[in-house]
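Enquirer: Quick one, what's the 3D model for this:
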Amino acid sequence: MKKHLLISDLDGTLLNGKQNISIENKTSIQQFIKDGGLFTIATGRVEDSVGPYVQELGVTLPVILYNGAVIYDYQNQQRIYEQKITNFTPLFKQLQAFSESEYIGINYYQNKKAYVPDYNELIKAHQKKDRIQVREIDAAFDTSYVTKVLLISDAPVVLKKCEKLVLNSGVSCDMIYSEKNYLEILPKHVSKENAVKELLKHLNRTDLHTICVGDHENDLAMLQTADTAYVVENAIDLLKQQNFRETVHHEHHALQSIIEDISHSVDLK
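Expert: You can find the predicted model right below:
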């Protein structure tokens with residue numbers, strides 16, 4: 001197991017629908033680590049939201065957050081890699097104006113904090129799901145940069161309008177869907193894939209066999225560059241159309257199933 005690095009997405013993959021890690025997944029991951037395997041998480045979530053899961057599992061490796069904009073070392077409580085969207089003010093002003101005419105949830109992430117222009121029901125649902133604290137924009141918020149922006153809407157047409165707005169803003173950034181109703185604005189060239197590469201540099205290991213698992217569009221590039229890639233049964237069609245291995249539904253302990261596969265392949269060698 002010592003040459004296996006297993007990286008899991010969080011929502012819709014490692015977590016069940018109640019936002020918990022099943023006993024089956026937890027036991028398997030902890031045994032995998034005990035046997036010498038390396039395990040970490042790659043997610044769009046932020047430090048405070050992921051910390052309890054890291055502690056529950058006993059993860060000691062740095063964790064990929066903000067869909068790759070940050071790699072955070074929970075052991076030393078510090079960011080070891082970080083990218084930002086700079087010269088953000090023009091886009092901030094446009095998004096603020098957009099939110100006044102459309103029903104949308106907006107989270108601006110800066111300095112480990114989540115700022116919102118409107119504490120509406122979309123934000124409340126996201127806050128409950130991700131277990132984070134949000135605050136309304138105040139004097140502490142600097143409009144010139146952010147780590148990422150999360151746009152939330154149950155209306156696809158609204159998020160399409162946001163895509164167009166971002167593309168026409170002139171601000172250097174990328175966009176990705178992390179869930180069907182979540183559009184994320186990220187620093188240019190930020191992805192889980194590139195963050196995995198940065199993590200491998202940090203670990204200074206060239207002998208690792210990387211195994212990645214995910215369920216949504218923001219996992220695609222990471223899966224494409226993994227040595228072995230899995231998608232859960234509940235993954236979007238885009239991922240299922242690729243040449244990835246398919247494992248069980250996230251409600252049926254997908255990480256347990258993958259670790260059983262890894263153990264079987266190791267035993268056969």
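Enquirer: Neighbours of the spatially closest residue to Asn25 that is not a sequence neighbour, how many?
Expert: Computed as Cβ to Cβ, 6 or more residues apart in numbering, the closest residue to Asn25 that is not its neighbour in sequence is Leu255, at 4.3 Å. (Each C-beta comes from the backbone N, C-alpha and C, glycine too.) Counted with other Cβ atoms under 10 Å, the neighbours of Leu255 add up to 28.
Enquirer: surely Leu255 meets Val213?
Expert: Yes: if you go by Cβ atoms under 8 Å, Leu255 and Val213 touch, sitting 7.3 Å apart.
Enquirer: coming back round to it: show the contacting residues for the residue nearest to Asn25.
Expert: Applying Cβ atoms under 8 Å, 6 or more residues apart in numbering, we find Leu255 in contact with Leu6, Ser8, Thr13, Leu14, Asn25, Ser28, Ile29, Val213.
Enquirer: Now do the buried residues in the helix or strand in which it is found.
Expert: If you go by DSSP states H and E, Leu255 is part of helix 254-268. Across helix 254-268, burial judged by 16 or more other Cβ atoms under 10 Å covers Ala254, Leu255, Gln256, Ser257, Ile258, Ile259, Ile262, Ser263.
Enquirer: pLDDT wise, what is the second one at?
Expert: The predicted local distance difference test score for Leu255 is 98.
Enquirer: Can you identify each of the helices in this protein by residue range?
Expert: 23-34, 47-57, 89-101, 121-130, 156-169, 192-203, 220-225, 237-240, 254-268 (DSSP state H).
Enquirer: who does the fifth one touch, helix- and strand-wise?
Expert: Judged by 3 or more Cβ pairs under 8 Å, 6 or more residues apart in numbering; DSSP states H and E, the packing partners of helix 156-169 are helix 89-101, strand 173-179, strand 182-187.
Enquirer: what's the offset of the first one from the middle of its chain?
Expert: Relative to the centre of its chain, helix 89-101 is centred 25 Å away, using Cα atoms, centre = their mean, to the nearest Å.
Enquirer: Can you mark which positions in it are buried?
Expert: In helix 89-101, counting by 16+ other Cβ under 10 Å, buried: Leu91, Phe92, Gln94, Leu95, Phe98, Ser99.
Enquirer: Spatially nearest residue to Glu260, not counting backbone neighbours?
Expert: Distance criterion Cβ to Cβ, 6+ apart; nearest residue to Glu260, sequence neighbours excluded, is Ser28 at 7.4 Å.
Enquirer: got the helices of the chain as JSON lines, with distance to Asn107 columns?
Expert: Output for the helices of the chain, formatted as JSON lines (distance: least, Cβ to Cβ, whole Å):
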{"stretch": "helix 23-34", "distance to Asn107": "27"}
{"stretch": "helix 47-57", "distance to Asn107": "11"}
{"stretch": "helix 89-101", "distance to Asn107": "11"}
{"stretch": "helix 121-130", "distance to Asn107": "7"}
{"stretch": "helix 156-169", "distance to Asn107": "13"}
{"stretch": "helix 192-203", "distance to Asn107": "19"}
{"stretch": "helix 220-225", "distance to Asn107": "22"}
{"stretch": "helix 237-240", "distance to Asn107": "24"}
{"stretch": "helix 254-268", "distance to Asn107": "27"}
